[in-house]
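> Sharing a model that was predicted from the sequence below.
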Amino acid sequence: MIRSVLIAATLAAVPFAAMAGAPRRDAILSDYATQASQANPGFSGFSAQRGELLFRTRWAGGDERTPSCTACHTDRPQGPGRNAKTGRPIEPVAVSVNPKRFTDMAEVEKHFSRDCKSVLGRPCTPLEKGDYVTFMAGQ
């Protein structure tokens, strides 16, 4: 009985934990939207579909060990991953499983700076970053 109550309480808390990061994630997305608008006055918003395409595409410009985001994060963002270069475990990238994802701008930028070069062979644009975060926020 106590175990059932604890499980129910834990599951009930998950949506609140996810929502706790939402204002910070929204602020990050707002910053990327400002940057995307400056780069392209026709910017009309982020797209989860484009974010998923970015996540799943095999790119040719980066490190051959990381041709796509799925090389480390697997094709299922809700599951744990493993760094393709070091073997280090990676927590799920999906916000539904890891509500702290995309809530610290310095951390987000650190990962995009490193990972975009490794996967795409170039920095990600503000549009790509916003699309990616939008996709993961829905996962």
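Alright, I've got the coordinates.

> Distance of the nearest residue to V133 once chain neighbours are set aside relative to W59?
For V133, ignoring the flanking residues on the chain, the nearest one in space by C-beta to C-beta, 6 or more residues apart in numbering is F102 at 4.9 Å. C-betas here are computed from N, CA, C, even on glycine. Distance of F102 to W59, given as C-beta to C-beta, to the nearest Å: 21 Å.

> Would you double-check that the residue nearest to V133 falls in a strand?
No: assigned with DSSP: H, G, I helix; E, B strand; the rest coil, F102 falls outside any strand and is coil.

> Could you give the number of residues near it?
25 (other C-beta atoms under 10 Å).

> Contacts only, for it.
21, 25, 28, 95, 108, 133, 136-137 (C-beta atoms under 8 Å, 6 or more residues apart in numbering).

> Can you pull the poorly scored residue ranges out of the chain?
Applying pLDDT under 70 to the chain picks out residues 1-20.
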